[in-house]
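Colleague: I'll drop the sequence and a predicted model, then ask my questions.
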Amino acid sequence: MNEEYIGDGLYASFDGYQFKLRAPRFEGDSEVYLDMDVYANFNLYAAKMLRKKQIAVTGVANDI
């Protein structure tokens, strides 16, 4: 798995099946694994939150 820094102290990698998100900490790394279904659900959630934020800022609903 090739790991890449993506910002805010978070590293990401992909093994062909799942995404691994790793946050190094002094007391030990925190890791989260997202398979394709969970990744798709997260993308839907993120798009929904971004639409809500855009509506709150602009007052207009736009498709993302």
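Modeller: Happy to help now that I have it.

Colleague: quick one: residue 4 from residue 36, how far?
Modeller: The gap separating residue 4 from residue 36 is 19 Å, by C-beta to C-beta, to the nearest Å. In this view, the C-beta of every residue, glycine as well, is placed from N, C-alpha and C.

Colleague: now residue 8
Modeller: Distance from residue 8 to residue 36, by C-beta to C-beta: 24 Å.

Colleague: higher neighbour count, these two?
Modeller: More neighbours surround residue 36 than the other of residue 8 and residue 36, with 10 against 6 (other C-beta atoms under 10 Å).

Colleague: is the residue nearest to the spatial centre of the chain in a helix, a strand, or coil?
Modeller: The chain has residue 42 as the residue nearest its centroid, 6.8 Å off, counting by C-alpha atoms, centre = their mean. What DSSP: H, G, I helix; E, B strand; the rest coil gives for residue 42 is helix.

Colleague: and for it, nearest residue in space, chain neighbours not counted?
Modeller: Leaving aside its chain neighbours, residue 42 sits nearest to residue 34 (6.4 Å; criterion: C-beta to C-beta, 6 or more residues apart in numbering).
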